[in-house]
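1. Sequence below, structure please.
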Amino acid sequence: MRNDSTPAPSTTTAPDTWPALSTAALRVAFGIIWIVNAAFTWMPSFSANYAGYLRNAADGQPAWSAWWFELWIAIVEPHADTFLWLTRIATTLLALALLFGFARRTVYVIGALYSLLIWSTAGGFGGPYTVGASNTGVGIIYVLIFAVLIAINHRGGTSPYSVDYFIEMKWPGWSWIAEWRERRLSDAPRVGWWAQTGILAGVAAVVFFLVAGLQSSMNVKAPTPAAAAAAVSPLQLMSKEPVKKAYDATLPPLSKDKEVTVTIDVTDEAVEIASGVKYQAWPYGGTVPGPTIHVKQGQMVKIVLKNKATMHHSIDFHSAFTPPNTSFHDINPGEQIEFTFEAKVPGTFVYHCGTPPVLLHMANGMYGAIIVDPIDDPRPKADKEYVLVQSEWYTRQVSGNLMGPDFGKMEKMQADIVAFNGVAFQYQAHPLTAEPNERVRLYVVNAGPSFWSAFHVIGAIFDKVYPDGNPKNALSGVSTYSVGPGEGIVFDVVIPDPGNYVFVDHSFAHLEKGAAGSLRIGNPDNFVKPKVSKIEGHAPAAAHAAAPAAASGPYKFDAARGEQLYTSTCAACHQANGAGLPGAFPPLVKNPAVLAADPTKQLRAILHGLSGEVIDGVSYPSPMPPFAAALSDADVADIANHERTAWGNQAKLVTADQVKALR
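-> Numbering: from 1, shown residues only. Prediction:
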């Protein structure tokens with residue numbers, strides 16, 4: 001029998017610290033979201049479109065709510081700058097109050113009303129909602145979260161993890177602002193300061209990375225497989241080695257038969273579009289472009305098209321007078337079609353697939369050239385004749401170095417490669433050849449499907465240009481001539497001096513994407529060397545006039561000055577973000593020379609220049625000039641240290657003395 005005077009066993013347990021901490025965590029997490037919102041309001045794009053958000057929401061609203069939007073438009077638009085600053089200040093203060101727990105219940109109520117205002121003006125009463133996302137406007141979600149925080153605040157006491165807690169310790173009356181009632185401090189003790197310090201450091205890191213990454217996040221596509229595949233350019237994957245064998249550009253010989261039979265198979269197979277990079281194409285005859293057809297005016301041309309591919313295809317000849325509904329008819333896989341036409345008109349023409357969508361079929365490599373020589377050819381006899389078909393590739397990565405079609409890029413005309421005869425830059429390593437004073441005839445066909453070409457041979461002027469390839473349309477003394485999509489032009493050039501003469505699409509964005517090749521005249525051993533000499537008494541102009549002078553005394557890295565010097569001296573080639581230019585100038589982000597503990601290679605490049613550097617297997621042929629004469633030791637050190645500390649690079653700083661030792 002138990003004696004009542006015997007004390008019962010103790011059931012007292014340590015107070016649970018985590019409910020209060022979890023409540024504070026919810027508030028802080030919501031505060032981080034509002035910090036991001038506040039950061040957006042300070043961005044130029046927000047201020048530029050501030051009044052437009054109201055009109056955007058007003059579009060399509062029902063009649064019963066139209067007055068609400070018209071009212072706010074009338075109030076805000078005449079005073080847009082004032083309301084812009086009010087929005088920035090209100091959002092920023094609300095974010096900070098949530099983050100630090102200041103005047104909590106008052107802030108929660110104000111925040112709920114503010115979110116309702118946002119929802120019903122910039123967002124509209126009905127959203128905007130997005131299928132597949134939350135299906136609820138962001139503003140109303142904020143209202144609901146504020147309502148939850150108000151309920152939690154009502155049930156609990158003063159949070160020990162808030163500014164309010166410390167204010168109430170000194171001024172108890174503050175509780176009427178923070179909780180709307182008398183002071184009631186929570187019984188729950190706080191977790192140790194060691195834990196709070198770690199939590200606060202984590203919150204600070206999250207806020208930093210979210211806000212610091214806002215600008216880039218606005219330009220990053222959603223991480224979908226499609227976006228990831230489209231982000232990879234074939235020129236980024238291109239091997240440093242040239243293509244093993246270039247497309248044979250030589251004009252094939254004529255047939256003496258009255259009727260020329262041309263049999264073309266359509267297949268599905270991968271073709272090379274850049275060195276080491278292939279594309280899932282639908283080629284004619286297994287190549288892109290398809291086989292060049294060479295006939296004479298008056299000959300009959302019999303076409304036999306065999307569809308050995310997996311979808312509908314056809315063929316359309318720009319050189320033919322023939323009913324398109326019969327000759328250019330679609331055929332199914334496993335079918336073939338035959339038709340005959342007379343080559344009545346001399347010229348240089350394209351043939352291509354005409355099956356809808358024609359854009360897709362042509363962009364997948366379904367094109368070629370047909371050359372029709374005139375019966376009585378008034379043109380001078382050519383010593384060398386080459387056919388160049390210019391076209392574009394619009395790609396997404398399938399796997400590794402295999403690319404496939406991207407129809408979205410095709411519609412937007414965002415080509416990854418512009419090439420002569422299907423492969424980017426192939427005729428740089430495998431040039432077309434001729435001897436001095438030989439007449440070189442270039443049959444240039446622009447298959448497109450979308451870009452115009454401005455054909456030009458650097459260092460030469462065309463002796464004759466034949467628009468449409470017709471001798472009756474001869475022009476003389478032309479340096480550059482446009483070739484529209486679907487058009488063919490004949491260019492005659494006679495070059496007296498040996499050398500490498502680069503032929504290009506003079507739309508230089510196209511050149512950078514692959515539309516460049518070389519016409520080698522004569523033997524390279526006989527090429528004349530350039531006459532280059534120094535200008536006596538010439539002092540290079542300082543490239544850093546905009547930068548302040550270096551501080552006197554021992555060298556110390558000035559980050560702001562380093563950025564200014566980099567911007568004025570280096571950014572035009574290596575870009576402001578250090579990404580470089582593909583195929584021209586190397587990236588400085590994660591560049592081995594920039595990250596190396598020994599800065600010798602980096603400093604020598606700045607001082608003495610560099611050319612033909614191979615980085616991660618990619619060669620960058622564009623020369624970097626020397627800056628030793630234009631930059632001081634401190635200038636070079638500041639530029640090098642900017643490169644070593646910017647864009648996520650983390651490398652050991654260099655000194656001006658190290659630069660001086662390498663001059």
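2. all helices for the stretch 351-500 of the chain, in order.
-> In the stretch 351-500 of the chain, the helices defined using DSSP state H, counting those that start in this stretch lie at 358-363, 407-412, 426-429.
3. Please tabulate these in TSV, including the columns mean pLDDT, distance to residue 598 and mean neighbour count.
-> To be clear about C-beta, it is placed using only N, CA and C from the backbone, and glycine gets the same treatment. Below are these laid out as TSV (pLDDT from 0 to 100; distance: least, Cβ to Cβ, whole Å; neighbours: other Cβ atoms under 10 Å):
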stretch	mean pLDDT	distance to residue 598	mean neighbour count
helix 358-363	96	48	21
helix 407-412	93	43	15
helix 426-429	95	34	20
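4. mind listing the helices for the stretch 551-663 of the chain?
-> Secondary structure of the stretch 551-663 of the chain (DSSP H, counting those that start in this stretch): helices at 559-569, 571-574, 592-595, 600-608, 633-645, 656-662.
5. closest to residue 168 out of those helices?
-> Each of these has some distance to residue 168 by Cβ to Cβ; the shortest is helix 559-569, at 42.9 Å.
6. quick one: average pLDDT of that closest one?
-> Mean pLDDT, helix 559-569: 88.
7. Using CSV, list the CA coordinates for it.
-> Output in CSV follows, covering the C-alpha atoms of helix 559-569 (Å, rounded to 0.1, in the frame of the first residue of the first chain):
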residue,chain,number,x,y,z
ALA,A,559,39.1,45.6,-57.6
ALA,A,560,37.1,48.5,-59.1
ARG,A,561,40.1,49.7,-61.1
GLY,A,562,40.8,46.2,-62.3
GLU,A,563,37.3,45.8,-63.6
GLN,A,564,37.5,49.2,-65.4
LEU,A,565,40.9,48.2,-67.0
TYR,A,566,39.5,44.8,-68.1
THR,A,567,36.4,46.5,-69.6
SER,A,568,38.4,49.0,-71.6
THR,A,569,41.2,46.6,-72.6
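8. Just put the helices of the stretch 351-500 of the chain in TSV and tack on distance to residue 20.
-> As requested, the helices of the stretch 351-500 of the chain are exported to TSV (distance: least, Cβ to Cβ, whole Å):
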stretch	distance to residue 20
helix 358-363	61
helix 407-412	51
helix 426-429	70
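9. Nearest to residue 74, out of the ones you listed?
-> Among the helices of the stretch 351-500 of the chain, the nearest to residue 74 by Cβ to Cβ is helix 407-412 (38.5 Å).
10. Remind me what the closest one packs against, helices and strands.
-> helix 358-363 (3 or more Cβ pairs under 8 Å, 6 or more residues apart in numbering; DSSP states H and E).
11. ok, 10 Å please
-> Secondary-structure packing of helix 407-412 (3 or more Cβ pairs under 10 Å, 6 or more residues apart in numbering; DSSP states H and E): helix 225-230, helix 358-363, strand 384-393, strand 395-399.
12. of all those, which lies closest to residue 471?
-> Nearest to residue 471, of all the helices and strands packed on helix 407-412, is strand 384-393, at 14.3 Å by Cβ to Cβ.
13. Now that closest one: average pLDDT?
-> Mean pLDDT, strand 384-393: 98.
14. How far does it sit from its chain's centre?
-> Chain-centre distance of strand 384-393: 27 Å, with Cα atoms, centre = their mean, to the nearest Å.
15. cool, and stretch 517-524?
-> Distance of stretch 517-524 from the chain centroid (Cα atoms, centre = their mean) equals 34 Å.
16. isn't residue 490 right up against residue 382?
-> Yes. Between residue 490 and residue 382 there is a contact under Cβ atoms under 10 Å: 9.5 Å.
17. who touches both of these two?
-> Between them, residue 490 and residue 382 share these contacting residues under Cβ atoms under 10 Å, 6 or more residues apart in numbering: 441, 442, 443.
18. ok, now which ones touch the last one?
-> Right, residue 443. 249, 251, 292, 294, 347-349, 369-371, 382, 385-389, 466, 469, 488-491.
19. what bridges to it?
-> Beta-bridge partners of residue 443, counted by DSSP bridges, are residue 387, residue 490.
20. Please determine how far it is located from residue 252.
-> Going from residue 443 to residue 252 by Cβ to Cβ, to the nearest Å gives 11 Å.
21. what's the overlap in contacts for the two?
-> Taking Cβ under 10 Å, 6+ apart as the contact definition, residue 443 and residue 252 share the neighbouring residues 292, 294, 371, 385, 387.
22. for the fourth one, what are its contacts?
-> Taking Cβ under 10 Å, 6+ apart as the criterion, residue 385 is in contact with 249-253, 294, 371, 439-443, 490, 492.
23. one step back: more neighbours, residue 490 and residue 382?
-> More crowded of residue 490 and residue 382, by other Cβ atoms under 10 Å: residue 490, with 27 against 18.
24. before we move on, back to that, pipe the helices and strands packed on helix 407-412 into JSON lines and attach distance to residue 74 per row.
-> As requested, these are exported to JSON lines (distance: least, Cβ to Cβ, whole Å):
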{"stretch": "helix 225-230", "distance to residue 74": "41"}
{"stretch": "helix 358-363", "distance to residue 74": "47"}
{"stretch": "strand 384-393", "distance to residue 74": "50"}
{"stretch": "strand 395-399", "distance to residue 74": "48"}
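25. With respect to residue 268, which of the ones you listed lies nearest?
-> Of all those, helix 358-363 sits nearest to residue 268, with 12.2 Å by Cβ to Cβ.
26. Counting by contacts, list what that closest one packs against.
-> Applying 3+ Cβ pairs under 10 Å, 6+ apart, we find helix 358-363 packed against strand 316-317, strand 347-352, strand 384-393, strand 402-405, helix 407-412, strand 439-448.
27. change it to 8 Å
-> strand 347-352, strand 384-393, helix 407-412.
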